[in-house]
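Trainee: sequence plus the predicted model coming up.
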Amino acid sequence: MNRAIKKTMIGLTLGLTWFISVAQSEMPISDILDQTMVAAEIEAYLKYASQLAITQHEKAAEYLEKAKKLAEENGQQQGLAKTYLNMGTLYTNQGKLSEAIEPLLAALDYAPPKTDTLLRIEILLATSNAYLQLRSYPEARKALREAVTLSSLNTDRQSLGRVYSQFAHFYWQAHPDSFQVAYQYLQEAIPIQTSINDEKGLANSYANLAITLESDGRPREAKKYYRDAITLSERVRDTVLLARNYLNYGSFLTKQQQYQSGLRFLQKAEQLINLLNNVFYQSQNYLFLSNCYADLREPEKALHYYRRYNSAKDEIFNEQKARELAAIQNEYESRQQKQALELLKQEARIRQTELDHQSFLQRLFTIGFILSLLVLAFFIRSFNIKMKAEKALAQKDKEINQSRLDELQKQHKITALNALLKGEENARRHISEEVHEELGSIISAVQFNFQSLKSRFPDNSPAIDQTNLLVNQAVSEIRRISHQIMPGALIKLGLNAAIGDLCQRMEKVGLEVDFHSAELEDLRLNSSIELTTYQLVQKYLESLVKQSHATQAFVQLTKSGQQLDLIIEADRKQLTTKPNSDEETFDLHSIESYVNYLDASMEIQPKRTNGSMLKVSIPLGNT
């Protein structure tokens with residue numbers, strides 16, 4: 001009953017506001033009615049798009065395009081702002097974050113702070129959410145700060161509560177160690193949302209609070225707020241919020257070793273995320289499902305979801321790379337424009353100086369013959385200044401052209417090196433497959449024929465056995481060569497397993513290698529980085545055997561943040577920066593080429609006990 005009365009009062013208030021605006025407006029009433037009808041039609045299109053946004057993305061996009069066209073034709077700035085906001089939200093829910101940013105920024109342009117504060121706050125919250133998922137934290141912070149400022153000036157408590165909750169989300173994601181700051185913002189948000197019964201806002205705040213408490217090592221309290229967040233999300237029927245809460249709660253239960261319960265919520269999240277077709281949520285859910293099935297001892301399902309996780313991650317990575325390349329291109333073009341503008345300004349200043357000098361000389365010549373000598377001296381001095389200026393400008397142009405030439409040469413060298421190493425990798429892979437598959441199958445057929453000959457000609461059995469032994473040795477040698485060209489462990493299991501296998505095989509040539517790695521079993525990197533790092537380790541260990549005759553070595557591989565650290569110690573001195581032979585020079589240049597390709601740093605240090613140590617630090621970037 002109270003809700004009905006409230007809705008009636010709101011309708012009467014809106015009607016009265018509209019009537020007053022009509023009375024005060026200088027526009028004809030017919031025009032005002034037309035604009036009102038247009039605004040209502042735009043709102044209808046936006047409502048249809050919102051209803052179809054979860055399951056029929058393309059249909060929702062069509063209605064948004066209709067709303068946009070109608071708003072542009074009738075100069076409806078508020079309608080354009082709302083339409084662009086809905087477009088950005090639609091792309092965000094689908095995980096198309098790079099595409100979401102442009103319409104959200106356009107929405108901000110059509111919703112200045114003084115016209116519709118509440119709408120601008122809503123757009124700022126959507127923009128910060130997209131930037132958070134893109135991990136563009138400075139832009140997310142900027143949007144949130146403006147939202148806080150507008151909310152503080154506005155009396156709308158719902159907006160203020162949601163802004164505080166979003167700021168908490170920002171802190172526990174962008175600054176994981178600052179969960180206390182996130183907790184303080186939530187203590188501000190939750191009472192406000194409770195007092196106005198903002199169930200959707202409370203669901204979001206409870207979810208953020210649960211994550212914050214989990215980070216603070218308080219799982220019992222976190223579990224309670226996860227449940228409350230899910231209950232409210234189900235009540236308000238917000239699919240995006242509910243999917244996120246199912247996902248986070250399922251992950252939480254899995255970490256608490258409640259695998260069956262965690263699996264049930266992760267499966268619920270999977271159903272909703274598939275409706276949204278959000279690749280960011282899909283990648284997280286696939287990883288959580290893979291871990292959960294692994295803990296439940298179901299390796300086939302764990303591997304299935306891990307592969308789907310890698311596929312989704314690759315899609316996200318490609319999108320991020322495209323966005324980064326576009327940003328680099330824009331920055332480069334902006335820098336070129338600034339340089340061109342600066343050159344034009346310099347030329348204009350020089351031309352102005354010349355014009356000023358010419359005018360001054362003309363005035364001097366009118367004085368008469370008496371001052372002719374002074375005018376001549378001044379002309380000579382002015383000419384010298386001009387020549388110096390032109391010389392300085394020519395030198396500046398020469399320096400700029402040389403800088404561009406150096407940059408192009410550097411890029412050419414990098415491109416050539418990348419192409420060479422990539423071609424070598426493809427060639428190795430092709431040769432390995434050909435040797436293993438084609439030649440291996442032929443020799444296997446030969447072995448089978450020898451067995452047939454042995455049964456048919458028993459008198460020649462010793463010769464056949466001797467020949468068969470040679471064939472077996474050839475098979476072993478083929479496998480060794482195939483593994484040397486492209487190790488199968490590197491392709492199937494990754495860098496950590498391949499280096500471990502390499503260290504074990506070095507024992508066959510007299511080098512005992514102790515290999516250590518820390519939590520890198522599941523680490524997979526870009527194939528070029530894995531192969532180049534493997535070749536670097538292989539080349540160095542082989543040089544230890546060939547040149548130093550080392551008998552013992554230690555290999556350590558660790559990952560620290562976005563950097564891979566490799567350390568190789570040996571009981572003999574090896575590969576100084578001043579090689580003593582052509583073979584040492586070749587090995588050193590080979591290792592340096594691998595290091596340069598990886599954009600890594602290398603250091604070779606002697607040890608007190610007549611040994612040596614190689615340190616290589618490899619940046620991983622976004623791989």
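Mentor: Sure thing, it's come through. Bear in mind the structure is a predicted one, so any value in this text is a computation, not a measurement. Numbering: from 1, shown residues only.

Trainee: low-confidence ranges in the stretch 101-250 of the chain?
Mentor: 179 (pLDDT under 70).

Trainee: oops, could you answer that again for the stretch 451-600 of the chain instead?
Mentor: Under the criterion pLDDT under 70, the flagged ranges of the stretch 451-600 of the chain are 453-454, 459-461, 463-464, 473, 475-486, 488-489, 519, 572-586.

Trainee: helix or strand for the closest residue to Ile211 other than its chain neighbours, which one?
Mentor: Once flanking residues are discounted, Ile211 sits nearest to Trp172: 5.9 Å by Cβ to Cβ, 6 or more residues apart in numbering. From N, CA and C alone the C-beta is placed, and that goes for glycine too. Element membership for Trp172, per DSSP states H and E: helix 157-174.

Trainee: check which helix or strand covers Asp186.
Mentor: For residue 186 the amino acid is Leu, not Asp. Applying DSSP H and E, one finds Leu186 within helix 179-195.

Trainee: now do the strands in the stretch 101-250 of the chain.
Mentor: Using DSSP state E, counting those that start in this stretch, the stretch 101-250 of the chain contains no strands.

Trainee: actually the stretch 501-623 of the chain, not the one I wrote
Mentor: Going by DSSP E, counting those that start in this stretch, the stretch 501-623 of the chain shows strands at 512-517, 552-560, 563-570, 601-606, 612-619.

Trainee: would you turn those strands into a markdown table with mean neighbour count?
Mentor: As requested, those are exported to a markdown table (neighbours: other Cβ atoms under 10 Å):
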| stretch | mean neighbour count |
| --- | --- |
| strand 512-517 | 16 |
| strand 552-560 | 17 |
| strand 563-570 | 20 |
| strand 601-606 | 14 |
| strand 612-619 | 19 |
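
Trainee: wait, which of the ones you listed is closest to Lys268?
Mentor: strand 552-560 (33.5 Å; Cβ to Cβ).

Trainee: contacting residues around that closest one?
Mentor: 495-496, 499, 503, 506, 511-520, 523, 537, 541, 544, 564-571, 620 (Cβ atoms under 8 Å, 6 or more residues apart in numbering).

Trainee: that one vs strand 612-619, what angle?
Mentor: 20 degrees (axes from the mean of the first three to the mean of the last three Cα atoms, to 10 degrees).

Trainee: what pairs with strand 552-560, parallel or antiparallel?
Mentor: Here strand 552-560 is paired, per DSSP bridges, with strand 512-517 (parallel), strand 563-570 (antiparallel).

Trainee: as TSV, the ones you listed with distance to Lys313 would be great.
Mentor: Below are those laid out as TSV (distance: least, Cβ to Cβ, whole Å):
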stretch	distance to Lys313
strand 512-517	22
strand 563-570	18
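
Trainee: please look at Ala210 and Arg220 and confirm they touch.
Mentor: No - here Ala210 lies out of contact with Arg220, judged by Cβ atoms under 8 Å, at a distance of 11.0 Å.

Trainee: look at these two and report which has more neighbours.
Mentor: More neighbours surround Ala210 than the other of Ala210 and Arg220, with 26 against 8 (other Cβ atoms under 10 Å).

Trainee: the more buried one and Gly368, how far apart?
Mentor: 94 Å (Cβ to Cβ, to the nearest Å).

Trainee: of all the strands paired with strand 552-560, which one is nearest Thr117?
Mentor: Of all the strands paired with strand 552-560, strand 563-570 sits nearest to Thr117, with 45.5 Å by Cβ to Cβ.
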